[in-house]
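Asker: sequence unknown, structure follows:
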């Protein structure tokens, strides 16, 4: 049985299960409880050119079947990551996908150049960040701005380029096409949903940042629809992200058209979930008599 | 750190809204101040684990002392003997031992008792101050009396037991009577920790505080539980929850 999946020239995952950015730090903590080599790949916490302190606390809040976070992209910066974290990740037999973001086109380009290194298997760019020079609109919310940004980054790196789309757009298919035409090798669909929680006793927002991103099983049905919609629009592989808690969810995302799946919030609750989910996927394929994972991808039948 | 299944052996009310739970599970040795992340259900509701300080661990039995404050602790209070929970831990960095020449002073406010009592029971020497609103809020009063070598003082805001007032007033008074160097161990509301830190600073005494912050993972990956320190943000779950009080940049 073959559960490996090729996402781009030079990027082949041994299985379709990845960590998600922001819930896996730089891999060290999880490496103390399981062998990272069992993963198809590790997606690191989002990095910027300079270290970032993040938002005031409280930064998380539990919500029905999920959670809000407003960490504020706290990270140690690209240089510290390259010097202190990347060599450790290189000791595992897994793909290392480095997530990054910028405050302007220049920073995205510089990050892509900086991360064009041995030990980095691919880069995943987060485009849900405000474009300071364009009045703060997110790069991922305007197809022309997104297309231009992806094209600039594409020219700046030899690595496979994954674009992590923002879900907060009217036509996500349009954004997906803009990223594909800009030169993206694959798309991650998608990110957390802007949301809010209020304490009725203090009459204050619970998060220090007032609003945060909703994640967890609460968003899975929306993520599934997004993956399905995007997969029908583009020819490049789609990586699903949003509310996965089980091998069943992984299969559903593959049926909807995803080639791989990131597991985020659920791994905060169950840090050992990855192995069980991969095993479940293998059992499903055995039960269905499938030879290759590619037989599942996009094989959704009509209603 | 290990994720293990634990069986509820006992779960009983020991004070107003406060319960003592005994769980059977295999843990590595713990340091007072360390905590567990408890997964309360096998469904995704509630979604996150709950951080709870370890009160004791002996021969496969771990005790946790908790006050019912929200959805998670309400569910915990409903757990019956024989039910199963998933337990991740021991997590975080605990208190350091008092130096031989130091008098240990433990101070707990409100729900901050578990790690403080754990420390007093481990060291079996020093003075412990427990401050609550009223006497019904104080759990395990008899058990505290029975720790050999530890002198117990209670403060209640309504004066129903011990000294009327707040714990830090009693701490101020107590510190004035101690001649030798002191180390203060504190857990409780931020205002109390800040006051204890300030008293310690005036005396030139060491002070270790156990900080509380909302957590998601409890093992250092999500960056939710940040605390501002003199060396930048630190994670309460892995770099704490116990910190040297002089390193904390207190919020207003």
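Answerer: All right, it came through fine. Keep in mind the model is a prediction, meaning the values are calculated, not measured.
Asker: from the middle of its chain, how far away would the longest helix seen in chain B be?
Answerer: In chain B, taking DSSP state H as the definition, the longest helix is helix B:190-203. A distance of 17 Å separates the centroid of the chain from that of helix B:190-203, by CA atoms, centre = their mean, to the nearest Å.
Asker: what comes into contact with that helix?
Answerer: B:107, B:109-110, B:112, B:131, B:166-168, B:171-172, B:175, B:182, B:184, B:186-187, B:205-207, B:209, B:211-212, B:245-246, B:248, B:250-251 (CB atoms under 8 Å, 6 or more residues apart in numbering or on different chains). C-beta coordinates here come from the backbone N, C-alpha and C atoms, glycine included.
Asker: are any of the residues you listed buried, and which?
Answerer: Among the contacts of helix B:190-203, those scoring as buried are B:107, B:109-110, B:112, B:131, B:166-168, B:171, B:175, B:182, B:184, B:186-187, B:205-207, B:209, B:211-212, B:245, B:248 (criterion: 16 or more other CB atoms under 10 Å in any protein chain shown).
Asker: returning to what we had before: I'd like the list of the contacts of helix B:190-203 that fall within helices, please.
Answerer: Secondary structure from DSSP H places B:167-168, B:171-172, B:175 of those in helices.
Asker: Now distance to chain A and pLDDT too, for these, in TSV please.
Answerer: Formatted as TSV, the ones in helices among the contacts of helix B:190-203 follow (distance: CB to the nearest CB, whole Å; pLDDT from 0 to 100):
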residue	distance to chain A	pLDDT
B:167	24	95
B:168	23	95
B:171	26	93
B:172	29	92
B:175	30	90
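Asker: Distance to residue B:149 added to these, as CSV?
Answerer: CSV is the format used below for the ones in helices among the contacts of helix B:190-203 (distance: CB to CB, whole Å):
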residue, distance to residue B:149
B:167, 21
B:168, 23
B:171, 19
B:172, 23
B:175, 19
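Asker: Skip the chain neighbours and tell me the closest residue to residue 38.
Answerer: I went with chain A, as the question did not name one. residue A:275 (5.6 Å; CB to CB, 6 or more residues apart in numbering or on different chains).
Asker: wrong one, chain B
Answerer: residue B:50 (5.0 Å).
Asker: One more: residue B:167?
Answerer: Nearest non-adjacent residue to residue B:167, counting by CB to CB, 6+ apart: residue B:131, 2.7 Å away.
Asker: again with residue B:182
Answerer: Per CB to CB, 6+ apart, closest to residue B:182 is residue B:205, 4.3 Å.
Asker: re the thing from before, can you flag which of the contacts of helix B:190-203 belong to strands?
Answerer: Members of the contacts of helix B:190-203 lying in strands (criterion: DSSP state E): B:107, B:109, B:131, B:182, B:184, B:186-187, B:206-207, B:209.
Asker: Going by distance to chain A, which of those wins?
Answerer: Distances from chain A to the ones in strands among the contacts of helix B:190-203, taken as CB to the nearest CB, are shortest for residue B:209 (15.9 Å).
Asker: neighbours around residue B:202, how many?
Answerer: For residue B:202, the neighbour count with other CB atoms under 10 Å in any protein chain shown is 10.
Asker: again with residue A:221
Answerer: 12.
Asker: Next one: it from residue A:252, what distance?
Answerer: 10 Å (CB to CB, to the nearest Å).
Asker: what does residue A:223 give?
Answerer: Applying CB to CB, the value for residue A:223 to residue A:252 is 10 Å.
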